[in-house]
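Peer 1: Got a predicted structure plus its sequence, pasted below:
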Amino acid sequence: QVQLVESGGGLVQAGGSLRLSCAASGRSFSSYAMGWFRQVPGKEREFVAAVSRSGSSTYYADSVKGRFTISRDNAKNMVYLQMNSLKPEDTAGYYCAAGLSFLAIMRNEYAAWGQGTQVTVSS
């Protein structure tokens, strides 16, 4: 099973940008679709974006479409989430996940998770 470690979170002002990274271990990385989710304390973990095994297809939540970009580098076992035009409502813990389909948006459709990285957007 793949293991995931996120990095790149931090504090940023509204309108700013951050790039999250997710490092995967294991030789089966390219067999997984990869997703990003986020969670605010007391709320359900919500889907943000996903990318197909090859990286050729992506899928976004409406709330981030046009502002966030997900990508992957299978040679480096890495997944990225470029976040632009950040808003205070983007503040959350962000989690990387490995699953079977880039169209999966439910938490239980993903088999492996990272520990998360915090993103805080100040107004």
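Peer 2: Nice, I can see it.

Peer 1: Could you report the neighbour count for the nearest residue to residue 30 once chain neighbours are set aside?
Peer 2: Closest residue to residue 30 apart from its sequence neighbours, by Cβ to Cβ, 6 or more residues apart in numbering: residue 74 at 4.4 Å. (Each C-beta comes from the backbone N, C-alpha and C, glycine too.) Residues lying near residue 74 (other Cβ atoms under 10 Å) number 15.

Peer 1: And residue 74, how far from residue 8?
Peer 2: Residue 74 sits 19 Å away from residue 8, going by Cβ to Cβ, to the nearest Å.

Peer 1: same thing with residue 15?
Peer 2: 18 Å.

Peer 1: before we move on, what about residue 16?
Peer 2: 13 Å.

Peer 1: partners of the residue nearest to residue 48 when sequence neighbours are not counted in the sheet?
Peer 2: Leaving aside its sequence neighbours, residue 48 sits nearest to residue 36 (Cβ to Cβ, 6+ apart; 4.4 Å). Counting by DSSP bridges, residue 36 forms beta bridges with residue 49, residue 96.

Peer 1: Tell me who's in contact with residue 36.
Peer 2: When contacts are counted by Cβ atoms under 8 Å, 6 or more residues apart in numbering, residue 36 touches 20, 22, 48-50, 70, 79, 81, 94-97.

Peer 1: One more pass at 6 Å, please.
Peer 2: 48-49, 81 (Cβ atoms under 6 Å, 6 or more residues apart in numbering).

Peer 1: helices and strands of the protein: which one has the lowest mean pLDDT?
Peer 2: strand 110-113 (a mean of 94; mean pLDDT, DSSP states H and E).

Peer 1: Give me the distance from that strand to the chain's centre.
Peer 2: Distance, stretch centre to chain centre, for strand 110-113: 12 Å (Cα atoms, centre = their mean, to the nearest Å).
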